[in-house]
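Q: Structure of the sequence below:
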Amino acid sequence: MLLLFLALAISLASLVSGGSGIGPKQAISALLGAGDEAARNVMMEVRLPRLLAAFGVGGLLALSGVLLQALFRNPLADPFVMGVSGGAAVGALLAMIAGAAAAGVQSAAVLGALGAVTIVYLLARGGGTSRLLLTGVVIASACGALVSVLLALADTGRLRGMVFWLAGDLGWALSPWSSLLAAVFASGLALLVARPLNVLAAGELRARIVGLQIELWRTILFVACAVLTAIAVINAGTVGFVGLITPHLVRLAFRTSDHRLVAPASVVLGGTILAAADLLARTVASPRQLPVGAIMALVGAPVFIALLRGRGGRVI
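A: Numbers count the residues shown, from 1 in each chain. Presented below is the predicted three-dimensional model:
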């Protein structure tokens, strides 16, 4: 209940705040279809779509973090750290430069994300936590280098938009309902597969004892993480820390690792966190707009350090 109240409060603050000079009363009237046309345009074409996109993208990234942490049994796994976001960005940029249509960009982003997470898994298999993290960092760095090369090759007329998108920009979410509906649908599926997630998170030996088809479920989770991350990247670029800190905050708040609760709660909290970050991005330097990815990094890093210190260096 508290989580839903927090989400509602952030949503309301996001809708009534901004640099356009529209006050709370005007904002509410515009949402209800009253008021002047300029206010209605700002609310229905800017603020509401960004809010919906924030909840969609934040929910997708948070759920991807939950799945990756269960898959790798590693509390530091998340789409950004493991290079999955970078792989999706490389795929999407390649398709953009090639002049592909929206469907082509989306497909390329999924393939890029899937390729990145597969490479990390194959290279780090059997090497423990340290090898996994190092492999993820290396793949993320390689993807960053590829992104730099692609930006150097891109048309100068589109370069600024691409750079801002890569830094994290919800203004790119031209169809916010896609990410929001994807997050809702994915959280529902996560509830259905909560038991296998709990078994995988408990270890491979436990999974084999109960007869879980490990390779099948690993493949399913790989594909799911790639698709969820790709949808998020397409809508908002590369945004870090949402998938990393959100599952930990949920586990600490509810004192459970049961994915029947962790998965849906992470979707709600992840959306709330990104909506709050977007509110800061739009207002802290108004009328200029900051990249929401930068805001998440500035806020997420200290939060994660605080989680580490609070748990004596352990986050689960």
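Q: any idea how far the residue positioned nearest the centre of the chain lies from A145?
A: The centroid of the chain falls nearest to L61 when counting by C-alpha atoms, centre = their mean (2.4 Å). From L61 across to A145, the span is 23 Å (C-beta to C-beta, to the nearest Å). Placement of C-beta: from N, CA and C, glycine included.
Q: One more: I295?
A: 25 Å.
Q: pretty sure L71 is touching V223, no?
A: No - taking contacts as C-beta atoms under 8 Å, L71 lies outside contact range of V223: 11.3 Å.
Q: Give me the more crowded residue out of these two.
A: Between L71 and V223, counting by other C-beta atoms under 10 Å, L71 is the more crowded of the two (22 against 15).
Q: Quick check: which element contains that one?
A: L71 belongs to helix 48-72 when elements are defined using DSSP states H and E.
Q: can you check L150 too?
A: Assigned by DSSP H and E, L150 falls in helix 128-153.
Q: Packing partners of that helix?
A: Helix 128-153 sits against helix 84-97, helix 102-124, helix 156-166, with contacts defined as 3 or more C-beta pairs under 8 Å, 6 or more residues apart in numbering; DSSP states H and E.
Q: Is it possible to get CSV of those that adds mean pLDDT?
A: Supplementary listing: the helices and strands packed on helix 128-153 in CSV, determined by pLDDT from 0 to 100:
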stretch, mean pLDDT
helix 84-97, 90
helix 102-124, 86
helix 156-166, 77
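Q: what's the most buried one of these?
A: Ranked by mean neighbour count, the helices and strands packed on helix 128-153 are led by helix 84-97 with a mean of 27 (mean count of other C-beta atoms under 10 Å).
Q: what about that helix, distance to the chain center?
A: Centroid separation for helix 84-97 versus its chain: 15 Å, with C-alpha atoms, centre = their mean, to the nearest Å.
Q: So A224, which state does it fall into?
A: Following DSSP: H, G, I helix; E, B strand; the rest coil, the label given to A224 is helix.
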